[in-house]
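In: coordinates only, no sequence provided:
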């Protein structure tokens, strides 16, 4: 069994006992609202009897309730499209979030691959520098060898010239002795 509150309220100068599930403050708030509507109706026509003023108050409140219900129905209809769009946007956001997560993971992979390639490139750059240095040394050796060859060729040529000269002298000497 649920707890019910028993509250005495005053509407248009008359006390009423109201029993309800709502809090005492809420029941007083509703009673004040009914009292204010009833006083407004009576202020417009002071000859109204209490029962007639009660009926007109109930009618006025029912009119407001009916209009509010209609407005609420219209708002519910109007909000369906934005709610559907919101659901769609939420699904799209979720999909985009998943895609972003995948792209972040891919990006991490590519960054790691890039780092690995940079390390490998650095290693090859060092090897290339070493090879360049080796080539420079070999080129210097080759240049030195070319110089020695040229020197030897010059010496050979000089020796050949000297030999020819010696041969000529020998032949002349030979002619003399003959």
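Out: Thanks, I have it. Note that the structure is a prediction, hence the values are computed from the model and not measured.

In: tell me where this structure has helices.
Out: 24-44, 50-177 (DSSP state H).

In: and those helices, which is most packed in?
Out: When neighbours are counted by mean count of other C-beta atoms under 10 Å, the highest per-stretch mean among these falls to helix 24-44, a mean of 15. Yep, even glycine has a C-beta here, placed from its N, CA and C like the rest.

In: hmm, who's touching it?
Out: Counting by C-beta atoms under 8 Å, 6 or more residues apart in numbering, helix 24-44 makes contact with 5, 7, 9-12, 16, 18, 20, 48, 53-54, 56-57, 60-61, all of which sit outside it.

In: and the residues you listed, which two are the farthest apart?
Out: 5 and 48 (30.9 Å; C-beta to C-beta).

In: residues in contact with the residue most central in space within the chain?
Out: Compute the mean C-alpha point of the chain, and by C-alpha atoms, centre = their mean the closest residue is residue 100, 6.4 Å away. For residue 100, the set of contacting residues under the criterion of C-beta under 8 Å, 6+ apart is empty.

In: what does residue 68 give?
Out: For residue 68, no residue meets the contact criterion (C-beta under 8 Å, 6+ apart).

In: for it, give its distance to residue 75.
Out: 10 Å (C-beta to C-beta, to the nearest Å).

In: likewise residue 161?
Out: The gap separating residue 161 from residue 75 is 120 Å, by C-beta to C-beta.

In: cool, and residue 84?
Out: Spatial separation of residue 84 from residue 75 under the definition C-beta to C-beta is 15 Å.

In: also residue 114?
Out: Distance, residue 114 to residue 75, by C-beta to C-beta: 55 Å.

In: check residue 33 too.
Out: Using C-beta to C-beta, which is the criterion applied here, residue 33 is 22 Å from residue 75.

In: same deal with residue 112?
Out: 54 Å.

In: could you do residue 8 as well?
Out: Shown here: residue 8 relative to residue 75, a distance of 37 Å by C-beta to C-beta.

In: what's the answer for residue 106, then?
Out: Separation of residue 106 from residue 75 (C-beta to C-beta): 45 Å.

In: how about residue 169?
Out: Look at residue 169 and residue 75: by C-beta to C-beta, they are 132 Å apart.
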